[in-house]
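Visitor: predicted structure and sequence below. I'll ask about it afterward.
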Amino acid sequence: MATHLRLTSRKCTVIGGSGFLGQHMVEQLLDKGYSVNVFDIRKGFENEKVQFFLGDLCSKEALLPALQGVSVAFHCASPAPSSDNRELFYKVNFMGTKTVIEACKEAGVPKLVLTSSASVVFEGTDIKNGTEDLPYAKKPIDYYTETKILQEKEVLRANDPDNNFFTTAIRPHGIFGPRDPQLVPILIQAAKSGKMKFMIGDGKNLVDFTYVENVVHGHILAAEHLQKDSPLCGKAFHITNDEPVPFWAFMSRILTGLNYDTPKYQIPYWLAYYLAFFLSLVLLLLSPLVTIKPTFTPMRVALAGTFHYYSCERAKRDMGYKPVVSLDEAIERTLQSYPHLRRAKA
Ligand SMILES: NC(=O)C1=CN([C@@H]2O[C@H](COP(=O)(O)OP(=O)(O)OC[C@H]3O[C@@H](n4cnc5c(N)ncnc54)[C@H](O)[C@@H]3O)[C@@H](O)[C@H]2O)C=CC1
Ligand SMILES: CC(C)CCC[C@@H](C)[C@H]1CC[C@H]2C3=C(CC[C@]12C)[C@@]1(C)CCC(=O)C[C@@H]1CC3
């Protein structure tokens, strides 16, 4: 019986486990001796140690088999932030998360750890060493973030110790690392097409970029510390590299590390923001005729030109969090993992 309990308690499900963060979660959980189910709409990799359940998280019937005998569910599924599909964000991030909560309760999963985002408090203006006590953004920077707020509120509200159901949310920021489909590929694509000529703002704005393995470490610590009467119950936690860095210094390290030139000119933040805003209006008007995905969106300009870094003191205090990979090492490992994006030297 004791062995059975121990094994059951090390079984978990990663919802969104085929994604960038999800795959890293699976790898670290397996290394730590967990038995891992993946629930996703697609099969993102092959691993005989993992049991895959393919389905849409908006369906409770699809979720239930993946949650049987599981002690913790990690929910890190979301449509890509760059998608323009408002209905999809609402359906998956908000309605789907409600379904995940119901399914966990019905399957008797006692712990739910949500991957939220530090951007739930970001309104496009400076945040310096922001704590979790900042209010949710009244004007979120985009619709993705609006639904991340709805999702986080729903998960934290569902915490119900009297019925043996414990929830917590991890708020990472700017996740990067091997196999990331967003940050490095978008940056290099912009550089390749000659769009990385301008630095937005004066280049002094500090931002958090968080190595994926540190994000995973924060999630696993959260799951292990989440229990009755723990301070994690119903609360959100920033997980960062704890080394805020000037946005353009970070971008420049990636660009030079992959043999691309760094931006030569500066453009004032407000000018870049209004240009991106104007461009998005023009594209909206043209959208019945042509679909163009701009590189410079108001959201990206806001992220590139403002301070937004967060304190992870609460995670240090309540779950003993400490980044396991430094920013220097993280950048090095990331650069090594993208040989196909490296520009051949002339
Ligand atoms: N990448 C970043 O910088 C940050 C990401 N986050 C959050 O981290 C989480 C993971 O993000 P990434 O790994 O970067 O994204 P990703 O796009 O690589 O992975 C998301 C996964 O969710 C799955 N998925 C989407 N809709 C689904 C549905 N209806 N049913 C089942 N599975 C579905 C996708 O197939 C994909 O495998 C997301 O919740 C995201 O909001 C938070 C802060 C920063
Ligand atoms: C073209 C350049 C101006 C910028 C290229 C890099 C950007 C693609 C990334 C810089 C900060 C990133 C970021 C996210 C996505 C990729 C960036 C915009 C998120 C929006 C991903 C989802 C979140 O929850 C918040 C992230 C903030 C930082």
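Guide: Thanks, I have the structure now. Ligands and ions are numbered 1, 2, ... in the order given.
Visitor: for the protein, list the residues in contact with ligand 1, please.
Guide: 16, 18-22, 40-42, 44, 56-58, 76-80, 92, 96, 115, 117, 148, 172-175, 181-182 (C-beta under 6 Å from any ligand atom). Any C-beta I mention is one placed from the backbone N, CA and C, and that applies to glycine too.
Visitor: give the other helices and strands that the helix ranked longest in the chain contacts.
Guide: In the chain, with assignment by DSSP state H, the single longest helix is helix 269-286. Secondary-structure packing of helix 269-286 (3 or more C-beta pairs under 8 Å, 6 or more residues apart in numbering; DSSP states H and E): strand 198-200, helix 298-305.
Visitor: and the residue in the chain that ligand 1 sits nearest to, how far is that from P81?
Guide: As assessed by C-beta to the nearest ligand atom, ligand 1 sits closest to G19 within the chain, at 2.0 Å. Here the criterion is C-beta to C-beta, to the nearest Å. By it, G19 lies 12 Å from P81.
Visitor: those two: which is more packed in?
Guide: G19 (22 against 16; other C-beta atoms under 10 Å).
Visitor: report pLDDT for the more buried one.
Guide: Here the pLDDT value assigned to G19 is 98.
Visitor: that one contacts R42, doesn't it?
Guide: No - counting by C-beta atoms under 8 Å, G19 sits too far from R42 to count as a contact (9.0 Å).
Visitor: so, low pLDDT: which residues of the stretch 151-300 of the chain?
Guide: The model of the stretch 151-300 of the chain has no residue with pLDDT under 70.
Visitor: looking at the stretch 101-250 of the chain, which residue is nearest ligand 2?
Guide: Relative to ligand 2, the nearest point of the stretch 101-250 of the chain is S117 (3.2 Å; C-beta to the nearest ligand atom).
Visitor: wait, isn't that residue in contact with T145?
Guide: Yes - look at S117 against T145 with C-beta under 8 Å: they come within range, at 6.9 Å.
Visitor: wait, isn't L134 in contact with D126?
Guide: No - counting by C-beta under 8 Å, L134 sits too far from D126 to count as a contact (11.9 Å).
Visitor: the longest helix of the chain vs ligand 2: in contact?
Guide: No - Helix 269-286 does not reach ligand 2 (C-beta under 6 Å from any ligand atom); its nearest approach is 9.0 Å.
Visitor: now the angle from that helix to helix 298-305?
Guide: Interaxial angle, helix 269-286 versus helix 298-305 (axes from the mean of the first three to the mean of the last three C-alpha atoms, to 10 degrees): 160 degrees.
Visitor: helix 269-286: which residues count as buried?
Guide: 269, 272-273, 276, 279 (16 or more other C-beta atoms under 10 Å).
Visitor: now for these: which two are most distant?
Guide: For the buried residues of helix 269-286, the farthest-apart pair by C-beta to C-beta is Y269 and L279; their separation is 15.6 Å.
Visitor: what sits against the residue of the stretch 101-250 of the chain closest to ligand 2?
Guide: 145, 148, 171-173 (C-beta atoms under 8 Å, 6 or more residues apart in numbering).
Visitor: once you drop chain neighbours, what's closest to N163?
Guide: K105 (7.7 Å; C-beta to C-beta, 6 or more residues apart in numbering).
Visitor: what is the neighbour count of the one you found?
Guide: So K105, with other C-beta under 10 Å, has 17 neighbours.
Visitor: that one belongs to a helix, doesn't it?
Guide: Yes - per DSSP: H, G, I helix; E, B strand; the rest coil, K105 lies within a helix segment.
Visitor: that one contacts F165, correct?
Guide: Yes - the criterion here is C-beta under 8 Å, and K105 meets it with F165 at 5.9 Å.
Visitor: quick check: N159 touching A169?
Guide: No - using C-beta under 8 Å, N159 makes no contact with A169, being 10.0 Å away.
Visitor: which of these two has more neighbours?
Guide: For the pair N159 and A169, the greater number of neighbours falls to A169 (27 against 18), based on other C-beta under 10 Å.
Visitor: which strand residues bridge the more buried one?
Guide: Per DSSP bridges, the residues bridged to A169 are L114, A236.
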